[in-house]
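*Asks:* No letters, just coordinates:
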């Protein structure tokens, strides 16, 4: 039996901070406390003066998915390696529903790709087509352990959008079987009206991306989804919320769970003015400073429940200069820098580190039914990271473990973990990734 003792560290639990020891046996935590018994064969890590966080759960990634005429640049293998380097031990990604494909078949196809992941991985089920057959599959998938589904209120031109009536029908079934419905929440009618002045596709400046998808689109969608949640009693999870107006709407509906992303907390629409501003194009767009500060208030008052990277990376050549803004592939990378940049921000803002633990680990585990993840207690997976609080630096491209040639967070303050353990295996040591086994495919998502 492999045995590891981590002693003298300050554990950042979701409910407080305590100096405790952690005994790991094989893949699980055997005990947490101040006086633990262990054998002479046990490996010991002295974490004096350091912080121990639960392994980060990133509830929103897109590894190698089709976007416009290409695909996001990371595979499950490359993206998960970057994730581990940044302290993310579990990612939750999405299926891709092809034409005439069933939901179950889309899951099986995606599972084959996800099998290359180095961190643990779960899959949300994308529903981008509405038919009786699709609806009939939902209870079966939930019985198989795949209980989270995603729909879109926009992207009609790409054949991905469901109407609000269709979303309500899905929500009724998902809610009746204790699932979670995730929604990309931008109202398509608002976007269509705002996009009309740019229909000739002559605009290349990335700032037009934001003008074509105004904040009102999020507020309208969130309000309608909140009403659907009340009528169906279904938990609806709003992905990548990014506006003050949208956040205000979420407060009215207790069955809404809210996710935001690092790019909305750390960047604003001002970056579109930079050389290479096209690289920051994602959907929803980056917003104003006032929206950013509203999100930080939402984090502190409990309106925001999780932070996901929405990792959908592209290299410089993937977003060529001079393209009409409508043709710029949407998305940015962020899984590797998710935790490190947020930790630095929490320290600068004087925020409770237990809140960070909840936002990046425990809350996602609870929402998506990951019973062995999200907390450091006996019986759970031994997923954790050790941080030296004195190692504040900045994001440097050459220090990242990535195949990408562009990063949105270069130069921002960051504290990267020096040790990362995934199910008992030390996958990052002294800041260097060293993985010897594949991740686990999780069913309870």
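*Replies:* Looks like it came in fine. Every value quoted in this text rests on a predicted model; they were computed, and no experiment measured them.
*Asks:* Was I right to think residue 41 contacts residue 3?
*Replies:* Yes - contact between residue 41 and residue 3 holds when scored by Cβ atoms under 8 Å: they sit 6.2 Å apart. The C-beta positions use only the backbone N, C-alpha and C, and glycine is treated the same way.
*Asks:* So which of the two has more stuff around it?
*Replies:* The residue with more neighbours, out of residue 41 and residue 3 and counting by other Cβ atoms under 10 Å, is residue 3; that gives 17 against 8.
*Asks:* wait, what's in contact with that one?
*Replies:* Contact analysis of residue 3 by Cβ atoms under 8 Å, 6 or more residues apart in numbering lists 23, 24, 25, 30, 38, 39, 41, 42, 43.
*Asks:* Show the contacting residues for the last one.
*Replies:* In this case it means residue 43. Residues in contact with residue 43 (Cβ under 8 Å, 6+ apart) are 3, 4, 5.
*Asks:* picking up where we left off before, among the contacts of residue 3, which are in strands?
*Replies:* 23, 24, 25, 30, 43 (DSSP state E).
*Asks:* filter those residues to the buried ones?
*Replies:* When the ones in strands among the contacts of residue 3 are checked for burial by 16 or more other Cβ atoms under 10 Å, the buried set is 23, 24, 25, 30.
*Asks:* Specify the beta-bridge partners of the second one.
*Replies:* Beta-bridge pairing of residue 24, defined through DSSP bridges, involves residue 4, residue 29.
*Asks:* Quick check, it in contact with residue 30.
*Replies:* Yes - counting by Cβ under 8 Å, a contact exists between residue 24 and residue 30, whose distance comes to 6.5 Å.
*Asks:* Can you list the strands that the strand or helix carrying residue 91 pairs with?
*Replies:* Using DSSP states H and E, residue 91 falls within strand 88-94. Strands that pair with strand 88-94, judged by DSSP bridges, come out as strand 56-58 (parallel), strand 120-126 (parallel).
*Asks:* Could you list which residues are in contact with the residue nearest the centre of the chain?
*Replies:* Nearest to the centroid of the C-alpha atoms of the chain, with distances taken as Cα atoms, centre = their mean, sits residue 308, at 2.5 Å. Residues near residue 308 by Cβ under 8 Å, 6+ apart: 58, 59, 60, 61, 92, 239, 240, 259, 261, 338, 364.
*Asks:* what's the distance between the first one and residue 219?
*Replies:* Residue 58 is 26 Å from residue 219, where distance means Cβ to Cβ, to the nearest Å.
*Asks:* follow-up on the earlier one: can you say which of the strands paired with strand 88-94 is nearest to residue 75?
*Replies:* Between residue 75 and the strands paired with strand 88-94, the tightest spacing by Cβ to Cβ is seen for strand 120-126, at 12.0 Å.
*Asks:* got the contact list for that closest one?
*Replies:* With Cβ under 8 Å, 6+ apart as the contact definition, strand 120-126 has outside contacts at 76, 80, 89-97, 103, 106-107, 110-111, 114, 141, 146, 148-151, 182, 368, 370, 373, 381, 383, 422-423, 439-445.
*Asks:* Show me which pair in the contacts of residue 308 is furthest apart.
*Replies:* Checked with Cβ to Cβ, those reach their widest spread between 239 and 338, with 14.8 Å between them.
*Asks:* More neighbours: the two, which one.
*Replies:* Here residue 239 and residue 338 are set side by side on neighbour count (other Cβ under 10 Å), and the busier one is residue 338, at 27 against 22.
*Asks:* Which residue, other than its chain neighbours, is closest to that one?
*Replies:* Spatially, and ignoring its direct neighbours in sequence, residue 338 is nearest to residue 309 (4.6 Å; Cβ to Cβ, 6 or more residues apart in numbering).
*Asks:* just for this structure, where's the confidence low?
*Replies:* 1 (pLDDT under 70).
*Asks:* one more time with 80
*Replies:* 1, 68-69, 444-445 (pLDDT under 80).
*Asks:* how's it carved up into domains?
*Replies:* Listed domain ranges for the chain are 3-54+375-433, 56-367 (source: automatic domain parsing).
*Asks:* Pick the most deeply packed of those domains.
*Replies:* Of the domains of the chain, the one with the most neighbours on average (mean count of other Cβ atoms under 10 Å) is domain 56-367, at a mean of 20.
*Asks:* Output the ones in strands among the contacts of residue 3 in JSON lines, with distance to residue 356 appended to each entry.
*Replies:* Below are the ones in strands among the contacts of residue 3 laid out as JSON lines (distance: Cβ to Cβ, whole Å):
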{"residue": "23", "distance to residue 356": "24"}
{"residue": "24", "distance to residue 356": "22"}
{"residue": "25", "distance to residue 356": "28"}
{"residue": "30", "distance to residue 356": "26"}
{"residue": "43", "distance to residue 356": "28"}
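*Asks:* nearest to residue 377, of those?
*Replies:* The nearest one, if we look at the ones in strands among the contacts of residue 3 relative to residue 377 and count by Cβ to Cβ, is residue 30, at 10.5 Å.
*Asks:* can I assume the closest one is in contact with residue 378?
*Replies:* Yes - with contacts defined as Cβ under 8 Å, residue 30 counts as touching residue 378 at a distance of 6.3 Å.
*Asks:* And the strands in the stretch 301-445 of the chain?
*Replies:* In the stretch 301-445 of the chain, the strands defined using DSSP state E, counting those that start in this stretch lie at 306-307, 384-387, 393-394, 413-414, 419-422, 425-429, 432-433.
*Asks:* Now distance to residue 350 too, for the ones you listed, in TSV please.
*Replies:* TSV is the format used below for these (distance: least, Cβ to Cβ, whole Å):
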stretch	distance to residue 350
strand 306-307	18
strand 384-387	17
strand 393-394	20
strand 413-414	14
strand 419-422	26
strand 425-429	28
strand 432-433	31
